[in-house]
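Q: dropping a prediction and its sequence here:
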Amino acid sequence: MEKMVLFEKIKHVCLSNKVYDFIIKPFDEIIYPVISKEELQKEREKEKIPFNKIANISDLCNKEWKGIVNELQSSFSLTEENFHRKNWEFIQILYILKQTGALFPENRGLAIGAGREVILYYLTYKIREIIGIDLYEGYFQGGEDLSDVPEHPQKYLPFPYNEKRLKLMKMDALDIDFKNESFDFVFSASSIEHFGSNRKIFKSSEEIYRVLKPGGLLIITTELKLNKLGKNIPNTKIFKLEKLINLFEKTGFRLYKKNIDIKIEKEMLDNWVKLSAEINKLPHVILRYFTTIFSSFSLVLIKPGNKVKYGTWSGFDKIEKLKYKGEIEVMLQDKENLTENSEIGFSIKLKNNSNFKWFVEGGSHRIAIGIKLLDLNNKIINDAFDELKIPKDLDIGESIVFNATIKNNLRKGKYRLFFDLKREIITWFSEKGSSPFLIDIEIV
């Protein structure tokens, strides 16, 4: 145990910015051009965003790029202050699909390492079908690849979507179980760097090439090394640009656009995120792990041929926001006999007035009833007093009546119980305008 603590202390010192600045930096260098954010913002305002490029906050200054951000604002926010490169990757992929005309209504897309990314749901508005494949082993922090995602993608929806157009499947990207030339475009957001060796990545690229129609696009976002001394980091491959391109060109792919934008914003380089201590730091654009400095990079490749239909960007049906609405009524059972250490029983009536189905099993995104303990002046005593599980999933408009009990460890006195629906890890319904239910109790 002491050795582990000592190791962590040594690791913390070695990863510190001071060690890098004074010992490593004199022998290191950034291998791409560094310019001011102000200068790059002016460029983005006047010109289209390049397809093959490093993540930049300045991309928000492009009207068309920012327009896609605005369309998705019901599910996540992307501003200069809270900029995160992973959300940049999603917007960049959609921007490329839009600009190239790949979002043609008849087209079919494939997402590699799909998880439950918000763009999967978005694309149901735009194309005939989007299929996402992943191992869904629950490996990644945040639960993006939980085992129940393929079975219940609607449980994790960020907004209402066309359920008939989205299919998520447990499948290995090194062995894609679809026929040749099945898809009009393929994309992968932050997945290939976790496949392991170059041999495995090459195997996946061969599979993607096989299932992609001639003339189809492959859009990849992944980790790009920005400095001379950069290496791979634990469980993640950090690519050199030329090796990344060569890896896919060996399969037969060609760069869709020859121009590559490799400009780095000075302000972000001066304010990098030090892993893993600053993992939640914002803006989250350029990262450093010991001697490795890296960021997200988007790469667009094409399979030679002309079997894919491209068209102009069609009109967009406005994305409907999720409505967190539910009727909840709670009746106290055996009100006169609430004593210390006795159970408290309730009869509960619920109705799903939301515009999405309620799923009650699992961890994140499940619907449950949370109970807060208040005094009679509505001051919170315990904001996580207890929780009631709903017996079954509830469809839109469906009602249920059930009984439930909670353990009572309260001392004698008068209290107020605050019953509120919650979507686990996402939101309390009362924060979105739905009415909670309050009951006063007395423990005798």
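A: On my side now, so go ahead. Residues are numbered from 1 along each chain as shown.
Q: give the buried residues for the longest strand seen in the chain.
A: Counting by DSSP state E, the longest strand found in the chain is strand 212-225. Neighbour counts over strand 212-225 (16 or more other C-beta atoms under 10 Å) mark 212-213, 215-225 as buried. To be clear about C-beta, it is placed using only N, CA and C from the backbone, and glycine gets the same treatment.
Q: and for stretch 331-341?
A: Buried-residue list, stretch 331-341, by 16+ other C-beta under 10 Å: residue 338.
Q: starting at the chain centroid, how far to it?
A: From the chain centre to the centre of stretch 331-341 is a distance of 44 Å (C-alpha atoms, centre = their mean, to the nearest Å).
Q: can you list the domains in this structure?
A: Here the domain parsing of the chain from automatic domain parsing is 14-302, 326-443.
Q: distance between the ends of the last one?
A: In this case it means domain 326-443. 29 Å (C-alpha to C-alpha, to the nearest Å).
Q: mind checking how far it is from the chain centre?
A: With C-alpha atoms, centre = their mean as the basis, domain 326-443 stands 29 Å off its chain's centre.
Q: ditto for the first one
A: The chain centroid and the centroid of domain 14-302 are separated by 11 Å under C-alpha atoms, centre = their mean.
Q: which SSE is residue 39 in?
A: Using DSSP states H and E, residue 39 sits within helix 37-46.
Q: what residues sit buried inside that helix?
A: The neighbour-count check on helix 37-46 (16+ other C-beta under 10 Å) flags 37, 40, 41, 43, 44 as buried.
Q: ok, stretch 305-312 next?
A: Going by neighbour count (16+ other C-beta under 10 Å), the buried part of stretch 305-312 is residue 308.
Q: now swap in stretch 251-270 and tell me
A: Across stretch 251-270, burial judged by 16+ other C-beta under 10 Å covers 251, 253, 255-256, 260-261, 263-269.
Q: need the distance between the two termini of that stretch.
A: Separation of the first and last residues of stretch 251-270 by C-alpha to C-alpha is 38 Å.
Q: please apply the same query to stretch 176-184.
A: Terminal residues of stretch 176-184 lie 15 Å apart, using C-alpha to C-alpha.
Q: who touches it?
A: With C-beta atoms under 8 Å, 6 or more residues apart in numbering as the test, stretch 176-184 has contacts from 102, 104, 107-110, 127, 131, 133, 171, 207-208, 210-214, 216, 307-309.
Q: ditto for stretch 279-295
A: Applying C-beta under 8 Å, 6+ apart, the contact partners of stretch 279-295 are 14-15, 17, 20, 24, 28, 30, 54-57, 80-86, 88, 223-227, 229-233, 238, 264-265, 268-269, 271-276.
Q: show me which of those are buried.
A: Those of the contacts of stretch 279-295 that meet the buried threshold are 15, 20, 54-57, 83-85, 88, 223-227, 230, 233, 238, 264-265, 268-269, 272-275, by 16+ other C-beta under 10 Å.
Q: so which of those belong to strands?
A: Of the buried ones among the contacts of stretch 279-295, the ones assigned to strands by DSSP E are 54, 223, 224, 225, 264, 265, 273, 274.
Q: so where's the longest helix in the chain?
A: In the chain, assigned by DSSP state H, the helix with the most residues is helix 85-100.
Q: list the contacts of the helix or strand that it is followed by.
A: The C-terminal neighbour of helix 85-100 among helices and strands, as given by DSSP H and E, is strand 108-112. Contacts to strand 108-112, defined as C-beta under 8 Å, 6+ apart, come from residues 102, 117, 119-120, 123, 127-133, 173, 176, 178, 182-189, 191-192, 204, 208, 211-212.
Q: which among those count as buried?
A: By neighbour count, with 16+ other C-beta under 10 Å, these hold 102, 117, 119-120, 123, 127, 129-133, 173, 176, 178, 182-189, 191-192, 204, 208, 211-212 as buried.
Q: tell me the pLDDT at residue 190?
A: You'll see residue 190 listed with a pLDDT of 93.
Q: and for it, the neighbour number?
A: Using other C-beta atoms under 10 Å, residue 190 is surrounded by 21 other residues.
Q: do the one 5 residues further on as well
A: Here the number of neighbours of residue 195 (other C-beta under 10 Å) works out to 21.
Q: cool, residue 423 as well?
A: Residue 423 has 21 neighbours, counted by other C-beta under 10 Å.
Q: who does it form a beta bridge with?
A: With DSSP bridges as the criterion, residue 423 is bridged to residue 367, residue 427.
Q: shouldn't it be in contact with residue 365?
A: Yes - counting by C-beta atoms under 8 Å, residue 423 does reach residue 365; the two are 6.0 Å apart.
Q: tell me who's in contact with the residue positioned nearest the centre of the chain.
A: In the chain, the residue lying closest to the centroid (C-alpha atoms, centre = their mean) is residue 117, at 5.2 Å. Taking C-beta under 8 Å, 6+ apart as the criterion, residue 117 is in contact with 90, 111, 132, 144, 189.
Q: also residue 341?
A: So residue 341 contacts 408, 409 (C-beta under 8 Å, 6+ apart).
Q: what's the helix or strand for it?
A: Counting by DSSP H and E, residue 341 is part of no helix or strand.
Q: just the pLDDT for it.
A: Predicted confidence (pLDDT) for residue 341: 81.
Q: next one: the one 3 residues further on
A: Predicted confidence (pLDDT) for residue 344: 91.
Q: what is the neighbour count of it?
A: Per other C-beta under 10 Å, the neighbour tally for residue 344 reads 21.
Q: what's the separation between it and residue 390?
A: Per C-beta to C-beta, to the nearest Å, residue 344 is found 18 Å from residue 390.
Q: how about low-confidence regions in this structure?
A: Low-confidence segments of the chain (pLDDT under 70): 1-15, 139-143, 313-317.
Q: for it, which segments count as helices?
A: With helices called from DSSP H, the chain shows them at 2-15, 17-19, 37-46, 63-71, 85-100, 118-123, 198-211, 241-249, 266-269.
Q: export the ones you listed as TSV, with columns for distance to residue 399.
A: Below are those laid out as TSV (distance: least, C-beta to C-beta, whole Å):
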stretch	distance to residue 399
helix 2-15	52
helix 17-19	57
helix 37-46	51
helix 63-71	34
helix 85-100	37
helix 118-123	27
helix 198-211	45
helix 241-249	53
helix 266-269	51
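Q: quick one, which of those gets closest to residue 414.
A: For those, the distance to residue 414 is smallest for helix 118-123, at 45.6 Å, taking C-beta to C-beta.
Q: just checking, what packs against that closest one?
A: When contacts are defined as 3 or more C-beta pairs under 8 Å, 6 or more residues apart in numbering; DSSP states H and E, helix 118-123 packs onto helix 85-100, strand 108-112, strand 129-134, strand 166-170.
Q: could you give the angle of the second one to strand 129-134?
A: When axes from the mean of the first three to the mean of the last three C-alpha atoms, to 10 degrees is applied, the directions of strand 108-112 and strand 129-134 differ by 10 degrees.
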